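Peer 1: need a 3D model of the following:
(chains A and B)
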Amino acid sequence: EVQLLESGGGLVQPGGSLRVSCAASGFTFHSYAMSWVRQAPGKGLEWVSVISGSGGSTYYADSVKGRFTISRDNSKDTLYLQMNSLRAEDTAVYYCAKTVRGSLYYFDYWGQGTLVTVSS
Amino acid sequence: FMLTQPHSVSASPGKTVTISCTRSSGSIASNYVQWYQQRPGSSPTTVIYEDNQRPSGVPDRFSGSIDSSSNSASLTISGLKTEDEADYYCQSYDSSNAIFGGGTKVTVL
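Peer 2: Numbers count the residues shown, from 1 in each chain, chains lettered A, B, ... in the order given. Below you'll find the model as predicted:
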C-alpha cells in the first residue's frame, strides 16, 4: 500500500525558513518523480515543484522559484521541500504527491498534508 | 494556459452530473487531463488520469472524456451518491508546469 507521510509544518515568521519532509513507502521510491502541491486556506490546489526519480531534474512554479528547493534522499525514501524567504502568501497545506509512472506532472497518490503558516 | 471549471454543480442522489474543464489556449488533446476528488477536510484523491483511466478502487460511476471541438475535458459521475459530495479539480500540464483548474463543488441534494 502506497503511503506518503508529510511532516515539518508549523508557524514561521515572514522572511524565515522551514523544511518539510515526506516519508514514502509501499512503492519503489527512486523509480518515480515526486511533487509538492499546496492549498491555501479555502482555496484551490497549486502545483509547487517536481523532482525526477534520480533527483537530477527539478522544476518550480514561478511563485516559488529562487526561494524553494526540492530534493530527495532515495536511500531514505524521503522527499523534502526547503522553503526560504517565506511570505504570508505561502501559508498553505503542503501535500506531497507521487507521479504516475513515466510522468512528471500528474499524480496518483497524495499524502495527508502538513500546514505551513507564515505570520508574525 | 488556464483551465476553467464551473464553481458548482448539484443533483439529487441517483442522478448524473458532468463537470467541464475548458482549456484557454492550445489543444486539450495535447496533454493528458486528470481529475482529483477532495472531500471536506481530506487530502485529494485521483479519480481519473490520462483523460479517461480510472485508478484501481475508483468505481466505474466515474468517467472522463475530452472534446476537441469545445477544447474541454469532462468528468461524469453517474448514479450520484452522498459520498460523492466534494470538490473536484481538473489538472493538465505543459512542458514545465502542472496546471490545476479552480475546482468545482459538487453538492448532492
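Peer 1: buried ones in stretch A:28-46?
Peer 2: Under the neighbour-count criterion of 16 or more other C-beta atoms under 10 Å in any protein chain shown, stretch A:28-46 has A:Phe29, A:Tyr32, A:Ala33, A:Met34, A:Ser35, A:Trp36, A:Val37, A:Arg38, A:Gln39, A:Leu45, A:Glu46 buried. All C-beta atoms are positioned from the backbone trio N, CA, C, and that covers glycine.
Peer 1: with stretch B:59-66 instead?
Peer 2: In stretch B:59-66, counting by 16+ other C-beta under 10 Å, buried: B:Phe62, B:Ser63, B:Gly64, B:Ile66.
Peer 1: the last one sits in which helix or strand?
Peer 2: Taking DSSP states H and E as the criterion, B:Ile66 maps to strand B:62-67.
Peer 1: how about that strand and chain A, touching?
Peer 2: No - if you take C-beta under 8 Å from any C-beta of the partner chain as the test, strand B:62-67 misses chain A, and the best it gets is 12.3 Å.
Peer 1: dump the residue contacts of A:Lys76.
Peer 2: A:Ala23 (C-beta atoms under 8 Å, 6 or more residues apart in numbering or on different chains).
Peer 1: over to the one 4 residues further on?
Peer 2: With contact taken as C-beta under 8 Å, 6+ apart, A:Tyr80 is in contact with A:Arg19, A:Val20, A:Ser21, A:Cys22, A:Ile70, A:Ser71, A:Arg72, A:Asp73.
Peer 1: show me what counts as buried in stretch B:102-109.
Peer 2: Applying a neighbour-count criterion of 16+ other C-beta under 10 Å, one finds B:Gly102, B:Gly103, B:Thr104, B:Lys105, B:Val106, B:Val108 buried in stretch B:102-109.
Peer 1: and chain A, which of those residues reach it?
Peer 2: Near chain A, judged by C-beta under 8 Å from any C-beta, the entries from the buried residues of stretch B:102-109 are B:Gly102, B:Gly103.
Peer 1: most widely separated two among the buried residues of stretch B:102-109?
Peer 2: For those, the maximum inter-member distance is 20.6 Å, found between B:Gly102 and B:Val108 (C-beta to C-beta).
Peer 1: stretch B:72-85: how far from the chain's middle?
Peer 2: Centre-to-centre, stretch B:72-85 and its host chain are 8 Å apart (C-alpha atoms, centre = their mean, to the nearest Å).
Peer 1: do me a favour and get the end-to-end distance for that stretch?
Peer 2: Distance across stretch B:72-85, first residue to last, is 23 Å (C-alpha to C-alpha, to the nearest Å).
Peer 1: does that stretch come close to chain A?
Peer 2: No - counting by C-beta under 8 Å from any C-beta, chain A has no neighbours in stretch B:72-85; the shortest distance is 12.6 Å.
Peer 1: what is the burial count for B:Tyr88?
Peer 2: Using other C-beta atoms under 10 Å in any protein chain shown, B:Tyr88 is surrounded by 25 other residues.
Peer 1: for the residue lying closest to it once chain neighbours are set aside, give me the pLDDT.
Peer 2: If the residues on either side of it in the chain are set aside, B:Tyr88 comes closest to B:Thr104, at 5.0 Å by C-beta to C-beta, 6 or more residues apart in numbering or on different chains. We have a pLDDT of 98 for B:Thr104.
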